[in-house]
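Student: Mind looking at a prediction? Sequence and model below.
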Amino acid sequence: MGTYIVRGGRKIEGEFHVRGSKNGTLPVLAACLLAEDEVVVENLPLIRDVLQTLDILQEVGCRVERRGRTVTIDSRYLSTVEIGSEMVKRMRSSILFLGALLCREKRAKLAYPGGCAIGRRPIDMHLTAFEKMGAVISAEDGMLDCSAEKVTGCHIYLPFPSVGTTENILLLAVKAEGVTVIHNAAREPEIVTLARFLRACGAEIYGEGTSSILIEGVCRLHGAYFTIPADRIEGGTFLCAAAMTGGELALRGLEREQMGAVLETLRMTGCRFFWEDSDLLWMKPPRRLVSDFTIVTGPFPAFPTDMQPLVMSLLTLAKGSCMISETVFEARFSQGEALCRMGADIRIFGENACIRGVEKLRGAEVCAKDLRGGAALLCAAMAAEGESVVHGSQYVERGYEKIEDAFSFLGGDIKLREERNFYAEEKIEKTE
Ligand code: EPZ
């Protein structure tokens, strides 16, 4: 837990190799429970959510050996199917262990993950799909107790293309009896990453990345070597920071087909992009960003909700006005108030935010309330005049690996002051 001290006004510029995808890594680590041999996963981002997920794997009995960004996981020593509340409180995405444990052991006990800063985060779609495939689920004392005599494939129609639900169904279906078809499946790149990993372990999966995914259950999954792809949201974050500070930036490692909606939106603000080689993206920002359009977040390939706070931050400095409609999460404008304290002109009406660009932002003392909102405040602090103090590094550290070092490497003036007592009395916040 700590506080970032930022002196703004310096360009974020240069060349940066984007780290591994947080939201691509977490389901892959849960899926390691299904492999009956050792699994080696490379290019892990060394972020809190990933390190805590490795802790969970160890605490349920897996052998976990990490060397830098490479981890070897052997789940043959699994000793329990219960994941306690403290872990789940820290790690909301541990809900993915439900599908993996139910698939492997036909039993799973998991603390009910609650809501968090960006919304209630219910899991009704997960549970409905599991029950349809044969699971019996009871909830008592805040624990979900799931068991299944047999897991049988079937057609599942998702009311919303939920990323986590699609991932959890994939994890349960790969060893189900018969065929499972997920209709209205999420199409996010992280679904493709998970499917590629499971296929590397011997699963039969077809159609990932489209709205219909077919899984043919197999008897056994073997080990695999797998490399995590780059984090499209980390890449988008640095693009916004560079554009806000007038820096030219080159990002290595991004996958072109994952960046469409984000680059299209930044092009509308005046940024110019070109790809060199297959994975080197150059960005040149305009002298003054412009905005006169509407952004609507939505399931992939629409504009990603995870980039909404970052683009809100960027638009505070764009000449003109812009409307953002956040359709995925019900409470994801937490950064708005803090950006206004820095001089931004933002008005929020329910799920819509109207941003009118100002000439400049001024440094201020602000508090991060969630992961992407915290990153948005850091981007604003980089562009602001004077010094900013951004509390709540524990949120940002969940999804960005030493972001203060990355921004310093790219020309920013930012320090992280570790503080133990700032949130001393704060209970562990639910995390998204
Ligand atoms: C994943 O969350 C990501 N997290 C989120 O990234 C991302 O914002 C989100 O997908 C959307 O892309 C991880 O991958 C760890 P959903 P997830 O299920 O799976 C509702 C970040 O900053 N819903 O697609 O929880 C839900 O409340 C994080 O890296 C139900 O109603 O997202 C939300 O409104 C934040 N019932 C909407 O669907 C359910 O059973 C989308 O949720 C499940 C979801």
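Tutor: Cool, the structure landed. Numbers count the residues shown, from 1 in each chain.
Student: Around the ligand, pick out the residues from the stretch 51-200 of the chain.
Tutor: 93, 119-126, 160, 162-165, 188, 190 (Cβ under 6 Å from any ligand atom). C-beta coordinates here come from the backbone N, C-alpha and C atoms, glycine included.
Student: got any ranges where the protein has weak pLDDT?
Tutor: Scanning the chain for pLDDT under 70 picks out the ranges 85, 87, 89-90, 114-115, 420-432.
Student: Which one of the residues of the stretch 51-200 of the chain next to the ligand is nearest to Glu216?
Tutor: Nearest to Glu216, judged by Cβ to Cβ, of those is Thr165 at 19.8 Å.
Student: for the ligand, what are the nearby residues on the stretch 251-400 of the chain?
Tutor: Within the stretch 251-400 of the chain, the positions lying close to the ligand (Cβ under 6 Å from any ligand atom) are 305-306, 328-329, 371-372, 399.
Student: And those, which is closest to Lys319?
Tutor: Lys319 lies nearest to Arg372 out of those, by Cβ to Cβ, at 24.4 Å.
Student: Quick one: classify the closest one as helix, strand or coil.
Tutor: Judged by DSSP: H, G, I helix; E, B strand; the rest coil, the three-state class of Arg372 is helix.
Student: which residues touch it?
Tutor: By Cβ atoms under 8 Å, 6 or more residues apart in numbering, the contact set of Arg372 is 233, 306-310, 332, 335, 399.
Student: change it to 10 Å
Tutor: Residues in contact with Arg372 (Cβ atoms under 10 Å, 6 or more residues apart in numbering) are 118, 233, 236-237, 304-310, 312-313, 332, 334-335, 395-396, 398-400, 432.
Student: Any figure for the gap between it and Gly399?
Tutor: 7 Å (Cβ to Cβ, to the nearest Å).
Student: Then Ile213?
Tutor: Relative to Gly399, Ile213 is positioned 26 Å away (Cβ to Cβ).
Student: now swap in Gly412 and tell me
Tutor: Where Gly399 is concerned, Gly412 sits at a distance of 18 Å (Cβ to Cβ).
Student: circling back to that earlier point, want to try CSV for the residues of the stretch 251-400 of the chain next to the ligand, with distance to Val39 as columns?
Tutor: Below are those laid out as CSV (distance: Cβ to Cβ, whole Å):
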residue, distance to Val39
Thr305, 30
Asp306, 26
Val328, 31
Phe329, 32
Leu371, 27
Arg372, 29
Gly399, 23
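Student: which pair in the residues you listed spans the largest distance?
Tutor: Val328 and Gly399, at 16.5 Å, using Cβ to Cβ across these.
Student: Can you point out the buried residues in stretch 382-389?
Tutor: Neighbour-count burial for stretch 382-389, with 16 or more other Cβ atoms under 10 Å as criterion, is recorded at 382-384, 387-388.
Student: start to end distance for it?
Tutor: One end of stretch 382-389 to the other measures 11 Å (Cα to Cα, to the nearest Å).
Student: Now do the helices in this protein.
Tutor: In the chain, the helices defined using DSSP state H lie at 22-31, 48-59, 85-90, 96-105, 124-132, 163-173, 189-200, 232-245, 260-268, 308-315, 335-341, 371-383, 393-396, 403-409.
Student: ok, back up a step: compare neighbour counts for Val328 and Gly399 and give me the winner.
Tutor: Counted by other Cβ atoms under 10 Å, Val328 and Gly399 do not tie: Gly399 has more neighbours, with 26 against 21.
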